[in-house]
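[1] 3D, please:
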Amino acid sequence: MNHQPNGDMGTEHFDAIVVGSGQAGNPLAKALSEAGRRTALVEREHVGGTCINVGCTPTKTMVASARVAYLARRAGDYGVNTGEVSVDLAAVGRRKEAVVKSFREGSERRLQDAEVTLVEGQARFTAPKTLVVTLNEGGERTLTAPMIFLNTGSRSARPDLPGLDEVPALDSTSIMELEEVPGHLLVLGGGYVGLEFAQMFRRFGSEVTVVQRGPRLLDREDPDVADAVAEILREDGIEVLLGAEAKSVRREAGEVELKVKAEDGDKVLRGTHLLLAAGRTPNTDDLNLQAAGVETDDRGFVSVNERLETGAEGIWAMGDVKGGPAFTHISYDDYRILRANLLDGGDRSTEGRMVPYVVFTDPQLGRVGMSEKEATEAGKKIKIAKMPMSSVARAIETDETRGVVKAVVDAETEKILGAAVLGLEGGEVMSAIQLAMMGGLPYTTLRDGIFAHPTLAELLNNLFTDLKDPE
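    Numbering: from 1, shown residues only. Okay, here's the model as predicted:
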């Protein structure tokens, strides 16, 4: 990885420029360079992008700390005696930063080994194949290339909420920098980001209230699954308000005062901290995309086709900046599509790819394929396989019986269309079902297979024993 000197320089010509060093940009820059293409990688903040620096890696590290606190408080349930449990949030943060640092340094080493030129600063188009980078350490550099790849990601959206400019609100990045546990955390948004932080800080010791505008949490899920998640969070002592629209916010007597319009009337919520977790905004506003002829949708996400091509020749977009599923593994698959098509002579696209994901609440919610609602809307004739985690031997033995497992089966082909696993290690069990889907196996293969006892995978025998018609 070459760091070029700062300052104003003449136009520099590359074979390829990658803007943003996320989970698609980094490996693509490395692959292009190793294929003999002179490659520049422009990054304005941290190598590694959202996932490593402010997304998956730090949040899941903190989720792990929160789970330890939860289990420590439950020690008596297992016949283990402990003292009072307290959380040192600054120590949690130091552990998180150490993990992030190791991941970031690994990314930097891989780029250096591939001899990628790293340019640290903010890029903007001045012509279809020309970028001017305002360097972090001062000065500018002008870069050109026949191939340009956008991997600039997204950030927490800031809602249009009266009074918000006067309130020191947190987002998914700044909340991880707190060194003291909030007294009462108000969470605006009931998606996976909001719920992970809500449960995490409840376990750290905060009072927590979740405000969700829609009628259910996790609005992509089937109602029965979403309701089961809400029940678990309420069991943990989290106040969950559904059908509640935030109307205004203000700072009053050292507290955050949030006014909401709820189904049972207006409410005034008071807390010490406010977390904004209602959606994401693409990082496209500083790129001057119009100078390159790159089109965006009405929310600012870059428009691409199934081969990740923008409407401008020689410019592609990858990861969260193009909209669609905002998951690291999808961003990485975007890289694999481009590597296959541009370097390996392949013909890959985004058409029909599976989009698995995991909500890292505890228990986890692992999801893949179609929900019951999606399958019904697609006109599929389906059967439903469903069972509570309280019927799973391994869950009973570990006293982790919260949750439900649900699979959607094509009644005509007997193939699995999708599954939701809300339970202990739900992401891992979901992945086992996904493997069967990838192999085109009928549900009967899992029903009749021999799985080691007592494992979580063994639940697949019982899950697919009794299929029912949708209710």
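[2] what residues are up against P454?
    A393, R394, E397 (CB atoms under 8 Å, 6 or more residues apart in numbering). For every residue, glycine as well, the C-beta is placed using N, CA and C.
[3] enumerate the positions of the strand ranked longest in the chain that are buried.
    Identified as the longest strand of the chain according to DSSP state E is strand 117-127. Within strand 117-127, the residues scored as buried using 16 or more other CB atoms under 10 Å are T117, L118, V119, E120, G121, Q122, A123, R124, F125.
[4] mind checking how far that strand is from the chain centre?
    26 Å (CA atoms, centre = their mean, to the nearest Å).
[5] then that strand to PDB, C-alphas only?
    Extracted in PDB, the C-alpha atoms of strand 117-127 (Å, rounded to 0.1, in the frame of the first residue of the first chain):
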ATOM      1  CA  THR A 117      -2.100   3.300  -3.500                       C
ATOM      2  CA  LEU A 118      -4.000   4.700  -0.600                       C
ATOM      3  CA  VAL A 119      -5.200   8.300  -0.800                       C
ATOM      4  CA  GLU A 120      -6.700   9.600   2.400                       C
ATOM      5  CA  GLY A 121      -9.300  12.300   1.800                       C
ATOM      6  CA  GLN A 122     -12.700  13.200   0.400                       C
ATOM      7  CA  ALA A 123     -13.200  12.500  -3.300                       C
ATOM      8  CA  ARG A 124     -15.500  14.400  -5.700                       C
ATOM      9  CA  PHE A 125     -16.100  14.100  -9.400                       C
ATOM     10  CA  THR A 126     -15.100  16.900 -11.700                       C
ATOM     11  CA  ALA A 127     -15.700  15.000 -14.900                       C
END
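[6] break this structure into its domains for me.
    2-53+93-155+281-342, 164-278, 363-468 (automatic domain parsing).
[7] which one of those domains lies closest to A75?
    A75 lies closest, by CB to CB, to one member of the domains of the chain: domain 363-468, at 11.2 Å.
[8] restricted to helices, list the contacts of P454.
    Judged by DSSP state H, the contacts of P454 include A393, R394, E397 as members of helices.
[9] any idea how far K30 is from P182?
    Noted for P182: a distance of 40 Å to K30, by CB to CB, to the nearest Å.
[10] ok, now F301?
    Going from F301 to K30 by CB to CB gives 25 Å.
[11] with V18 instead?
    10 Å.
[12] neighbour-wise, which of these two wins?
    V18 (31 against 24; other CB atoms under 10 Å).
[13] pLDDT weak spots in the stretch 301-450 of the chain?
    Within the stretch 301-450 of the chain, no stretch has pLDDT under 70.
[14] first to last residue in stretch 402-419, what's the distance?
    Using CA to CA, to the nearest Å, one end of stretch 402-419 lies 17 Å from the other.
[15] what distance separates that stretch from the centre of its chain?
    Per CA atoms, centre = their mean, the centroid offset for stretch 402-419 relative to its chain is 24 Å.
[16] and what of stretch 386-406?
    25 Å.
[17] which parts of it are buried?
    386-387, 389, 392, 394-395, 400-406.
[18] just these: which are in helices?
    Mapping the buried residues of stretch 386-406 onto helices (DSSP H) picks out R394, A395.
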